[in-house]
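Peer 1: only geometry, no sequence info:
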């Protein structure tokens, strides 16, 4: 039923009947129309279905929704009852043609979305479509409505968690972590791993180091990505402030006095795939500090001399640690399968990586039944084997996304999502430099079958896939355009919509706009963005929408007309949301709209609707910032200056300092120490400057992380900070 509004539903049917000239048709055609028009009065039906019978041609069907929530319920139902096997509908709306009378009526009717369902060839197919749509209406007419929202499965929550990190949304990631904790979805150890992941994503190494569980994490079984983060935290907190490339003796002394006891359990081989700058140096310092030489560790360090730095390499060489072993020292070893299996099991338990787990499973498979029985009679190895089987469900891990995509549809690959989570941290992104590998990856993604269980697994893994490609040091780059497009296609075509999709999708949209795409690709991209907006726009996702608009402004456009049309389509989708926008969102929209040439009357209408709703009268934001000094670090200078102008308009007494320096400097240090609130644009910051700001920012002063690189993201970070401060004050008063 159209929004449970009987009068509006009646007007829809009446207007459509007139536009389609239904009354001039035969009695059978009129009955055909009226049978489906009944959907507007079925209380459980989301939206409406309308038929447009034509005298000498097939009937065309239209689905109409009044809101985003209605469409989210209607779209999967349409796919199930009248999907691509019967009609032209694939889940993705197509623009209606205003030259057709009924479609012009729907376009001008102010509906949230109206889509066309064109039956396949032949009268028999049309009859099937009509019966199927009738069955859909009847099914919902007798269905019992359940108002309680079903809880999300843990896999979906973990997918949302990665989505939030893809969108640099720290607050949302922490919120999901709290849900996982309070609902006891995962154990305490894995909660700590997720917390480490949040802090490490933002380079907040002090928060990692200050976790209550930090000491226990050092001595527990953990994924390689956690080991890397713990090492990086140790280096950044203890050694980075004094490690300037000229004080190696002081660094060595501090390492041996304050760091080594914690670092030694973490400096293990095989080495995690991706180590930070500090973790690399800790490996070298450990090799330098050992009394008895560890040739394997030394070889690793020398193989990665560029990562550890020249002064450490020289110090290792002077100490006689060359990383080489004379042939005379090598002793031939005759492998024993049982001994190898024991070693592999022990290493898998200690290192807990896909590589060591796969090796252990393979070594166990080599054993004969009698050998395996003999080995498992020993309690330590029996427990290790049981733990391994429990973690992997008895299937070998894959070695990369290509193999994962090939196996995702296998019923027995039940641990596919768990493998993908590990793969995010362990599969090297360097393979993407191989154009042939990229070509195979695109082919696998574009030809992936949309059948369960494989497709469900792919949709769950998409945020991980997006995060993985974004790990490239030169992300985004033109050679990866086809991969970005393939991933975005699956995000758009998935039935899972809303802000969760927008967070990962925004990463890909920004990448495609940045690298530059062809005219046709650009138009298709804007259509995809509009579809994502249309299916998931809400108060929170409005920020992402505005951020995408800012990206289209900042990046060159191969089709200015298509871009301009896109901007107006965005405004049309935001207008119905006006009453729910916050003061900062309205201010961002007004400034952005003026720059884009949006209709001033429409902008004023949005502002007035927001004012009437009372949302813009909330003065907590202005009160919280009154008289404060704000520091904004962003490489996107134009966005930072726009944020400064808006902040000074909203809060005239505010003082704003901007910086876009690439490395640490006295000015950057002054901003880190001297401002009341510091905002760091995560998506537009250098690694060096980020670490510098974090190291020098006093712990008692807030450091905020803006999700994107636009003005909207900077202002949103400040608004969320104000909201959190208000919530803390309310809790304090309650106590």
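Peer 2: In hand now; what should we look at? Predicted, not measured: the structure shown is a model, and the values here were computed from it.

Peer 1: for the stretch 601-735 of the chain, what spans make up the helices?
Peer 2: With DSSP state H, counting those that start in this stretch as the criterion, the stretch 601-735 of the chain has helices at 620-625, 637-650, 666-674, 687-696, 711-734.

Peer 1: what about this structure, any weak spots by pLDDT?
Peer 2: Counting by pLDDT under 70, the chain shows low-confidence ranges at 1-6, 142-151, 245-246, 320-335, 495-500, 534-539, 610, 612-622, 726-735.

Peer 1: Domain boundaries for the chain, per the record?
Peer 2: If the domains of the chain are taken from automatic domain parsing, they occupy 2-141, 187-324, 337-392, 401-579, 620-734, with pieces of a single domain joined by a plus sign.

Peer 1: pretty sure residue 88 is touching residue 118, no?
Peer 2: Yes. Counting by C-beta atoms under 8 Å, residue 118 is a contact partner of residue 88 at 4.0 Å. Any C-beta I mention is one placed from the backbone N, CA and C, and that applies to glycine too.

Peer 1: Residue 471 versus the residue lying closest to residue 236 once chain neighbours are set aside, what's the distance?
Peer 2: Setting aside the residues directly before and after it, residue 236 is nearest to residue 205 in space (C-beta to C-beta, 6 or more residues apart in numbering), at 3.9 Å. Computed as C-beta to C-beta, to the nearest Å, the residue 205 to residue 471 distance reads 18 Å.

Peer 1: rewinding a little: want to try CSV for the helices of the stretch 601-735 of the chain, with mean neighbour count as columns?
Peer 2: Written out in CSV, the entries for these read as follows (neighbours: other C-beta atoms under 10 Å):
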stretch, mean neighbour count
helix 620-625, 17
helix 637-650, 18
helix 666-674, 16
helix 687-696, 18
helix 711-734, 18
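
Peer 1: Ok, which of these comes nearest residue 124?
Peer 2: Using C-beta to C-beta as the criterion, the shortest distance between residue 124 and the helices of the stretch 601-735 of the chain is 52.0 Å, found for helix 711-734.

Peer 1: now residue 361, what's its secondary structure?
Peer 2: Here residue 361 takes the helix state, with states given by DSSP: H, G, I helix; E, B strand; the rest coil.

Peer 1: tell me, how many neighbours does it end up with?
Peer 2: A total of 21 residues lie near residue 361 under the criterion other C-beta atoms under 10 Å.

Peer 1: you'd agree residue 240 is up against residue 278?
Peer 2: Yes. Counting by C-beta under 8 Å, residue 278 is a contact partner of residue 240 at 6.4 Å.

Peer 1: Relative to residue 600, which of the domains of the chain is closest?
Peer 2: Using C-beta to C-beta and comparing the domains of the chain, the one that lies nearest residue 600 is domain 401-579, at 11.5 Å.

Peer 1: Now the terminal residues of that closest one, how far apart.
Peer 2: In terms of C-alpha to C-alpha, to the nearest Å, the two terminal residues of domain 401-579 are separated by 44 Å.

Peer 1: Nearest residue to residue 590 in space, please, no chain neighbours.
Peer 2: Spatial nearest neighbour of residue 590, excluding adjacent residues (C-beta to C-beta, 6+ apart): residue 603 at 5.7 Å.

Peer 1: list the contacts for that neighbour?
Peer 2: Listed by C-beta atoms under 8 Å, 6 or more residues apart in numbering, the contact set of residue 603 reads 589-590, 593-594.

Peer 1: Can you classify the spatially most central residue of the chain as helix, strand or coil?
Peer 2: Closest residue to the average C-alpha location of the chain: residue 163 at 2.6 Å, with C-alpha atoms, centre = their mean. Under three-state DSSP, the three-state class of residue 163 is helix.

Peer 1: Was I right to think it contacts residue 463?
Peer 2: Yes. Applying C-beta under 8 Å, one finds residue 163 in contact with residue 463, separated by 4.5 Å.

Peer 1: all helices for the stretch 401-550 of the chain, in order.
Peer 2: Listed in chain order, the helices of the stretch 401-550 of the chain (DSSP H, counting those that start in this stretch) span 401-407, 416-426, 435-446, 454-469, 481-493, 499-515, 519-536, 541-554.

Peer 1: Can you select the buried ones from the contacts of residue 603 in ChimeraX?
Peer 2: To isolate the buried subset of the contacts of residue 603 in ChimeraX, counting by 16 or more other C-beta atoms under 10 Å, use the following:
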select :589,590,593
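
Peer 1: Export the contacts of residue 603 as a markdown table, with columns for secondary structure and distance to residue 475.
Peer 2: As requested, the contacts of residue 603 are arranged in a markdown table below (DSSP: H, G, I helix; E, B strand; the rest coil; distance: C-beta to C-beta, whole Å):
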| residue | secondary structure | distance to residue 475 |
| --- | --- | --- |
| 589 | helix | 29 |
| 590 | helix | 33 |
| 593 | helix | 31 |
| 594 | helix | 33 |
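
Peer 1: before we move on, the earlier item: reformat the domains of the chain as a markdown table; add distance to residue 585.
Peer 2: Formatted as a markdown table, the entries for the domains of the chain read as follows, by distance: least, C-beta to C-beta, whole Å:
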| stretch | distance to residue 585 |
| --- | --- |
| domain 2-141 | 17 |
| domain 187-324 | 24 |
| domain 337-392 | 43 |
| domain 401-579 | 6 |
| domain 620-734 | 8 |
